[in-house]
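>>> The following comprises the amino acid sequence and a computationally predicted model.
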Amino acid sequence: MLDWEWKRDPNVVAMFIHLLLTVNHEQGRWQGVVIEPGQKVTSLPNLAEEIGLTYQQTRTALFKLKSTGEITDKSTNKYRLITVNKWQEYQSDNSLERRQTTGKQQTTAQSSNSNIRNKEERSKEEYKNTGKPESSLDWLRSIPGEVVDGLAADYSVDSRFVQARANDVIDYCEAKGKRYANYKAALRNFIKAEIARHPEAIKRPEAKHIEIQERTPEEQARIDAKLATLKKQRELLASKLSN
């Protein structure tokens, strides 16, 4: 593990250790689903709460572990099934040290590097074909803060509302295998659909408080004098018109 590429990423380290400690140690069942040793049924919100990470940090840590083959992650609209690959190897004594000196480590590293290169090539190809980074789901996984703030301003909603809808898009794509040509446009549609269902999410402009200052006696006297003058002028004009 001394050469593990994520060893300096505290969020990934925390995620991997947590999964090693909390996955099933024997076969079990959950709502009709068989859970094998080394597997865990959970959800992103639960993982984030258990580890103490934000929703986005949790998602990113899982994505990194998947990209290098430490775990596999299957999502449905009801649950998330995470499998620690080669979990059994971690249960034997001194297995971590042995893994550093076996040919298996080289094979795993080569396979992981190949997976990373393949993902990078797919992302580059998607960008080349469309000319927009929004064509990749990875862009949505690490959506820039300025994009979130811009969409929040466009639809008069909170930034957290936009981030939640981005997570909805990601969950939907992962569960259904759906792909979009432009994930920013897809995110806009999810935002509009959610606003249609929950219009109370729109932030209303705050009513401005108008402070009325009391007049001083001198100011009131001047106003009364002007009103009296205007009254006399009206009476005089009415008298001339009647004659």
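Nice, thanks for sending it over. Numbering: from 1, shown residues only.
>>> what are the phi and psi angles of residue 177?
Recorded main-chain torsions at residue 177 are phi 70, psi 20, according to degrees, to the nearest 10.
>>> and it, how many neighbours does it have?
7 (other CB atoms under 10 Å). Where you see a C-beta, it was placed from the backbone N, CA and C, and this is true even at glycine.
>>> for residue 137, same thing?
19.
>>> What of residue 65?
If you count neighbours by other CB under 10 Å, residue 65 ends up with 21.
>>> next one: residue 135
21.
>>> correct me, but it touches residue 181?
Yes. Contact criterion CB atoms under 8 Å: residue 135 and residue 181 qualify, at 6.0 Å.
>>> Which residues are in contact with the spatially most central residue of the chain?
In the chain, the C-alpha nearest the mean C-alpha coordinate belongs to residue 163, at 3.8 Å (CA atoms, centre = their mean). Going by CB atoms under 8 Å, 6 or more residues apart in numbering, residue 163 touches 55-56, 143, 148.
>>> Quick check: which of those residues has the minimum pLDDT.
Of all the contacts of residue 163, residue 55 carries the smallest pLDDT score, 83.
>>> which one is that residue nearest to, not counting chain neighbours?
Sequence neighbours aside, residue 48 is the residue nearest to residue 55 in space, at 5.3 Å (criterion: CB to CB, 6 or more residues apart in numbering).
>>> next one: residue 11
residue 61 (4.7 Å).
>>> residues in contact with the one you found?
Contacts of residue 61 (CB under 8 Å, 6+ apart): 9, 11-12, 14-15, 53.
>>> now this protein, which segments are flagged as low pLDDT?
Applying pLDDT under 70 to the chain picks out residues 1-2, 92-132, 203-213, 240-243.
>>> Please parse it into its domains.
What automatic domain parsing lists as the domains of the chain is 10-127, 132-201.
>>> can you map out the helices along the protein?
10-22, 44-51, 55-67, 95-101, 103-130, 137-141, 145-155, 159-176, 183-197, 217-242 (DSSP state H).
>>> What residue, apart from its backbone neighbours, is nearest residue 39 spatially?
residue 83 (4.9 Å).
>>> what separates that neighbour from residue 133, distance-wise?
Between residue 83 and residue 133 the computed distance is 30 Å (CB to CB, to the nearest Å).
>>> out of the two, which sits in the busier spot?
Counting neighbours by other CB under 10 Å for residue 83 and for residue 133 shows that residue 83 has the greater number, 19 against 15.
>>> Any idea what that one is bridged to?
Per DSSP bridges, the residues bridged to residue 83 are residue 39, residue 72.
>>> ok, and the most crowded of the contacts of residue 61?
residue 15 (26 neighbours).
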